[in-house]
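S.K.: Pasted the sequence and its predicted model underneath.
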Amino acid sequence: MKRTLLKILACPACKHHPLELEAVVEDSAEVIEGSLLCGRCGNVYRIVDSIPEMIPPDH
Ligand SMILES: [Zn+2]
């Protein structure tokens with residue numbers, strides 16, 4: 001996912017914004033593997049193959 005997405009992504013569970021990005025694999029423009037952490041409800045959303053999995057845990 002592009003780093004600029006962080007500015008618009010909100011937690012799907014509690015709508016908190018912004019999320020904390022923890023990049024594991026990245027290039028200059030995109031995060032390929034990593035996770036997004038919600039500082040309010042503590043949910044973690046994985047980024048796999050550059051796609052953030054924004055699925056609430058009670059899905
Ligand atoms: Zn949240």
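M.R.: Okay, I see it.
S.K.: For the closest residue in space to residue 14 that isn't next to it in sequence, which three-state class applies?
M.R.: Distances taken as C-beta to C-beta, 6 or more residues apart in numbering place residue 41 nearest to residue 14, at 4.4 Å, with adjacent residues excluded. From N, CA and C alone the C-beta is placed, and that goes for glycine too. Following DSSP: H, G, I helix; E, B strand; the rest coil, residue 41 is assigned to coil.
S.K.: wait, what's in contact with residue 41?
M.R.: 11, 13, 14, 16 (C-beta atoms under 8 Å, 6 or more residues apart in numbering).
S.K.: what's the burial count for residue 16?
M.R.: 15 (other C-beta atoms under 10 Å).
S.K.: where does this structure come near the ion, residue by residue?
M.R.: Those residues of the chain that sit near the ion, judged by C-beta under 5 Å from the ion, are 11, 13, 14, 16, 38, 40, 41.
S.K.: Need the residues you listed in TSV (columns: secondary structure).
M.R.: Formatted as TSV, the residues of the chain next to the ion follow (three-state DSSP):
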residue	secondary structure
11	coil
13	coil
14	coil
16	coil
38	coil
40	coil
41	coil
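S.K.: re earlier: nearest to residue 29 among the contacts of residue 41?
M.R.: residue 11 (23.6 Å; C-beta to C-beta).
S.K.: list the contacts for that closest one?
M.R.: By C-beta under 8 Å, 6+ apart, the neighbours of residue 11 are 17, 19, 38, 40, 41, 43.
S.K.: Please apply the same query to residue 45.
M.R.: Contacts of residue 45 (C-beta under 8 Å, 6+ apart): 12, 19, 35, 36, 37, 38, 52, 53, 54, 55.
S.K.: quick one: which of those is most hemmed in?
M.R.: Highest count within those by other C-beta under 10 Å belongs to residue 36, 24 neighbours.
S.K.: dump the residue contacts of residue 51.
M.R.: residue 1.
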